[in-house]
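Enquirer: Task: produce atomic coordinates for the following.
(2 chains)
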Amino acid sequence: MAQDVHIHTFPNGLTLLAERMPHVRSAALNFLVPAGYAHDPPAQLGLTSVLSELITRGAGKRSSRELSLALDNLGLDRDTSAGSLHMRFWGATLADNLPAALEIYADILRRPALPAEEIDAVRALALQDLQSLDDEPRHKVIVELRQRHFPPPLNRDRRGTFQGLETLTIDKVRRHYQSVFRPHGTILSVAGQIDWKKLRDQVEKLFGDWDGPPATPIKLGKPSGGRVHLTKETTQTQIALAYPSVPIGHPDYFSAQGAVQVLSGGMSARLFTEVREKRGLCYAVWASYQTYKELACILCYAGTTNERAQETLNVTLAEVCRLEDGIFAEEVERVQAGLKSSLIMQEESTSARAGALASDWYYLGRVRSLQEIQDAVDALTPRKIVNHLRRFPPGDFTMVTLGPKPLRFPRRGVARRKAAV
Amino acid sequence: MPFQQHRLKNGLNIIAETSPSALSLALGFFVRTGSRDEVPEVSGVTHFLEHMVFKGTPNRTALDVNRDFDRIGAQYNAYTSEENTVFYAAVLPEYLPPAVEILADILRPSLREGDFDMEKKVIIEEIGMYEDQPGWSAYDHAKKEFFAEHPLGNSILGTPDSITALKRDQMAEYFDRRYVAPNITVAAAGRFAFKDLVALVEDHCGDWPGQPAPRQGIREAPAADRFKVVTRDKVTQEHVYLIAPGPSANSPLRHAADTLSMILGDDSGSRLHWALVDPGYAESADLSFHEYEGTGAFYVSFSCEPARTAKNLSIVQGLLRQVQEDGVSDEELKQAKNKILSRVVRGSERPMGRMQALGMSWTYLGEYRSVDDELKAFQAVTRKKIRQVLDRYPLVQATTLALGPLEKLRKPSGNGKK
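Expert: Residues are numbered from 1 along each chain as shown, chains lettered A, B, ... in the order given. Prediction:
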């Protein structure tokens, strides 16, 4: 797994990461600007989402339409999205078109028009986005779970609130842009058919004279936690659970990942086998690991018809708690095989690599080689994973259910509750 | 990218594009059968059977199937459409032999009664999951309304009633008829030797029955300007679909139709985007072209606040009328081609993307199309060809369906005529 990775941090604090992938004709770019919705002023929740839509509506010398046309003519598939900590600008196209695309992105990040006449349209979109969450029960239940499980302001939803959106003005958006967009902490990662030296010189030219002070760190509050039912007349009941785990960078990180893979890593994993295959309780059931720098959690989800929702919850929770009773060697071998092939296949996707470079840099301050990850995965054993689970046993569950009738939280889960992290 | 093809004695086709620089390979079994091949008594059987294929064989239990795939780190799944059932896996090159063996084995499923009854529950859950998504419900209703008696109007999932009533033997009969060698194509892309693939497929599939499985009811779907409102008072937004006929999967006009749909309805820079999403009138809007055997269809969709629906619908009608009369501009055509070039090239960089394209092209056209063939076909699209599409398939003659809280919606006047 020979990789050709380059890293450069400019004096203004912007970091450029690149990986040359010799067998592809395309390239992907990925900007992370430390301007996520966790920075929304409390009275203005939803501001960052609005900014992420407004910021591409004209920049530099181009109007909204000219900008869109220019990127389309470069064949750039793209997306701008508001994350909790970063605003992300992603794009992918033929490698020859990358320099022209970067030039336009320098305008978007540094010289957006943020036109006053577009604010009503963008606000209308944001309000509809918020309303339509009610038509997506699967998303809704996760939004409600995150709101209770994560500490403020990480617990927010990007969609914000009706009040926050309705009282938003163009001046507030512009002031917010001025205060949060900065080179310090911004990460640009590029993967594909690239020439490192030319890329670095171009990025220096485009962003070298951008300046601004570092951001003040976000202060985390206390999560509310708890268990709640939201009543809605739906065909299925949605079940979402969360419990703490260890964050990336923690010595137990790979064991925590291993545990969640045993639970939900493939179709032979425990949740799919016990909940769906053996009992036919649902179509969708999964668990996933989610990390921030300071904290992490495991999210579990199942959607099932109302009459069988209680059994689904009981079985799901029992599987989560049963993990620490023991794990088979062949389960770990399957996890290792799955992780190995997804690591190697990542090397065939410019977007996946660009994303991985940026995320490593943000969380760890370095880029891990695939070999390093492979070695850590190969070193997993059932004992390591079980020992991790005994140190950090699943507990302190936050739960949200959505459907016609509330569910009872099983006693076993409560009895198993121990202090974690 | 060398292309190779081989046909087994029983009629099963193997097609492959090998790429020595790839790091993995993707393999798919394309069964030419879908909801359009069902009679009403077995509605949903194709999709249910797709699930049952993973429930085991004389050699494997359901759990064995999942374990054996996971043991080789396969990224695998299956899907059912109106016309195809596709089983696929991406693996590292050293796992070509077990990947072929497992896929070939599960394609001769036991259809055990106990597994059948258990999986019924999962299918009914899947139907329930979709029922709770109004955007999907609107699509399903609109398709039924537009295709009406045409077999493409058949539901892929079926209904809880049709699935509950289905018997194991009805599924077995359907399987025997449809999962025959001449109705199956094995497509592969990535790093492997073609002769190894052929030897493996011959070894595992050489004894599959070889009778033909003709498809009934291949015909064009006629244009219809039906108009329907489905009221769902618990739904927040109004979800609207318009469907009009288009060229079929083997029509020489299909690249022009694809290009037209990109100009009108791509998610960036399209006419629909500027007309509905950019001004904030609709949260999302899309126009896409789907090609089928014997026919095709343009799907226009948007979702918005219920009170805004009538206005949005008349904007869409106006947009369709305008393109019907004036066609598209040179600049729009150039822009669409630039997007397509980038998407085709990027889509082909991963074995999974290439394998899907190869399998579909062979299933529908019986021919191999390289990435360059596809790019050339798109480069050759002219305004004149787009005009031909519009003349032959007027977008203005569409069936409209709205699903959401609205009880009534006025049918815009002058539908189809100025």
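
Enquirer: which residues sit in contact with the residue in chain B that chain A sits nearest to?
Expert: Chain A sits closest to B:Ser342 of chain B, with a gap of 2.7 Å, by C-beta to the nearest C-beta. Yep, even glycine has a C-beta here, placed from its N, CA and C like the rest. Counting by C-beta atoms under 8 Å, 6 or more residues apart in numbering or on different chains, B:Ser342 makes contact with A:Ser26, A:Leu74, A:Gly75, A:Leu76, A:Asp77, A:Ala92, A:Thr93, A:Leu94, A:Asn97.

Enquirer: Are any of the residues you listed buried, and if so which?
Expert: A:Ser26, A:Leu74, A:Gly75, A:Leu76, A:Asp77, A:Ala92, A:Thr93, A:Leu94, A:Asn97 (16 or more other C-beta atoms under 10 Å in any protein chain shown).

Enquirer: Quick check, the last one in contact with A:Asp72.
Expert: No - with the criterion set as C-beta atoms under 8 Å, A:Asn97 and A:Asp72 do not qualify as a contacting pair; they are 11.1 Å apart.

Enquirer: Could you list the low-pLDDT ranges of chain B?
Expert: Within chain B, the stretches with pLDDT under 70 are B:1, B:414-418.

Enquirer: separation between the residue nearest the centre of chain B and A:Val203?
Expert: Centroid-nearest residue in chain B, with C-alpha atoms, centre = their mean: B:Ser81, separated by 5.2 Å. Here B:Ser81 is placed at a distance of 44 Å from A:Val203 (C-beta to C-beta, to the nearest Å).

Enquirer: what do you get for A:Gly355?
Expert: Taking C-beta to C-beta as the measure, A:Gly355 falls 18 Å from A:Val203.

Enquirer: same deal with B:Gly11?
Expert: 56 Å.

Enquirer: What of B:Leu63?
Expert: In terms of C-beta to C-beta, B:Leu63 sits 51 Å off from A:Val203.

Enquirer: So between these two, which is more surrounded?
Expert: Counted by other C-beta atoms under 10 Å in any protein chain shown, B:Leu63 and A:Val203 do not tie: A:Val203 has more neighbours, with 20 against 15.

Enquirer: Tell me how many other residues surround B:Glu149.
Expert: 8.

Enquirer: what's the domain layout of chain A?
Expert: Domain assignment of chain A by automatic domain parsing yields the ranges A:4-207, A:227-415.

Enquirer: and the longest one, average pLDDT?
Expert: Rounded to a whole number, the mean pLDDT of domain A:4-207 is 97.

Enquirer: Show me which residues of the stretch 251-400 of chain B sit near chain A.
Expert: Applying C-beta under 8 Å from any C-beta of the partner chain, we find that the stretch 251-400 of chain B lies next to chain A at B:268-269, B:274, B:277-283, B:303-305, B:334-335, B:338-339, B:341-343, B:345-346, B:349-351.

Enquirer: Could you single out the nearest of the contacts of B:Ser342 to A:Pro393?
Expert: A:Ala92 (41.7 Å; C-beta to C-beta).
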